[in-house]
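Student: Sequence first, then the predicted structure:
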Amino acid sequence: MNNSPIPDQTGRLVVVTGANSGIGYVTARELARHGAHVVLACRDPGRGQAALDRLRTEAPGARLELRQVDLASLASIRAFAAGWDHDRLDLLVNNAGVAMVPFARTEDGFESQFGVNHLGTFALTGLLLPHLLAAPDPRVVTVSSEGQRFALFDLDNLNAERRYRTAFAYVQSKRANLYFATELQRAADAAGVRLRSMAVAPGLTRTNVLTGGANSDRGRLYAALTRLVVRLAFRPTAEGARTSLYAATAPELPGGSYIVPDGPLQLRGEPVRRTGERAIRDTDTARRLWRLSERLTGVTYRLPAERFDPAPTS
């Protein structure tokens, strides 16, 4: 499914959020097929079980688990992390998210796209960090979007404090994913720990992110039109998983990488590393977002050294 072969993953312990469908499902399946022990971290137990059953037929003999976590609930995220009973975690794929949904609040009162896509990811990664640091070569892969390039990032309106516009909130949450992934790498480097944090953009991909979940109540016309556009303009799900799989498995890929498709407008093609992204160099905004995220979630990252200080610069 990818011109870049996936190395043997035997011995790796992996969590993939949102693994019951779409890119998350393909990512979990391919890692399992190549020997990884994969934990499917899913919001809906029924859909998660259906995905687990299907995976067992598509990856016979694979080591698989299903665990429940809802990124719209800090209590659920804390319960997931507290229940982690393995001795380490080698790879966390932050894949779960929502897209282009009507205005709503999470259980904790956050605007849903910012709350699920960024704050839920931030909290889960931070709470699982001790288990990641117990692994010999841990990685975190966070799924962003090329839509983040069009974000007008406003730290004073991340949580729909002033107004809510669906598309703007979505691309802003995806820019937050990129800020988070690169700042996590800077934190790891400053602390002198061996952890690689990557961000990826899958390109236009046929998944249910536009029609499932919070979008399922938008009516038959919305669902029919969206399915038509996705079928005509978007590429198959397996193609969209390429960047996640490459970031998760390429042996020599440096931490802090942003992996995108290499085709026109970076919407389709083979995975490549892009280094010129302005957001990657915007350390001031990334650090301010980090502090805000710690305050909103109550999750503080515990790193072995104290050299990392994501304080706002003047």
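Tutor: Yep, it's here. Residues are numbered from 1 along each chain as shown.
Student: Now do the one helix or strand Ala248 maps to: which elements does it pack against?
Tutor: Assigned by DSSP states H and E, Ala248 belongs to helix 242-249. Contacts defined by 3 or more CB pairs under 8 Å, 6 or more residues apart in numbering; DSSP states H and E place helix 242-249 against helix 22-33, strand 91-94, strand 139-143, strand 196-200, strand 258-261, strand 271-273. Heads up, the C-betas are built off the backbone N, CA and C, glycines and all.
Student: could those be laid out in a markdown table, adding mean neighbour count?
Tutor: Shown next, in a markdown table, are these (neighbours: other CB atoms under 10 Å):
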| stretch | mean neighbour count |
| --- | --- |
| helix 22-33 | 26 |
| strand 91-94 | 28 |
| strand 139-143 | 27 |
| strand 196-200 | 28 |
| strand 258-261 | 25 |
| strand 271-273 | 19 |
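Student: Of all the ones you listed, which one comes closest to Ala62?
Tutor: With CB to CB as the measure, helix 22-33 is the member of the helices and strands packed on helix 242-249 nearest Ala62 (3.8 Å).
Student: so what's the one residue sitting closest to the centre of the chain up against?
Tutor: Nearest to the mean C-alpha position of the chain, by CA atoms, centre = their mean, lies Asn94 at 2.7 Å. Listed by CB atoms under 8 Å, 6 or more residues apart in numbering, the contact set of Asn94 reads 17, 121, 124-125, 140-143, 177.
Student: same deal with Gln113?
Tutor: 98-99, 101, 169-170, 172-173.
Student: same thing with Leu40?
Tutor: Listed by CB under 8 Å, 6+ apart, the contact partners of Leu40 are 16, 19-20, 28, 48, 51-52, 55, 64-67.
Student: Only the buried residues of stretch 125-145, if you could.
Tutor: Residues of stretch 125-145 classed as buried by neighbour count (16 or more other CB atoms under 10 Å): 125-129, 131-133, 135, 138-145.
Student: Revised request: answer the last question for stretch 297-304.
Tutor: For stretch 297-304, burial by neighbour count (16+ other CB under 10 Å) applies to 297, 299, 301, 303.
Student: repeat for stretch 66-85
Tutor: Within stretch 66-85, the residues that count as buried by 16+ other CB under 10 Å are 66-67, 69-74, 76-78, 80-81, 84.
Student: ranking the contacts of Gln113 by neighbours, who comes first?
Tutor: Within the contacts of Gln113, Ser173 tops the neighbour count with 28 neighbours, counted by other CB atoms under 10 Å.
Student: Good, we can wrap up now.
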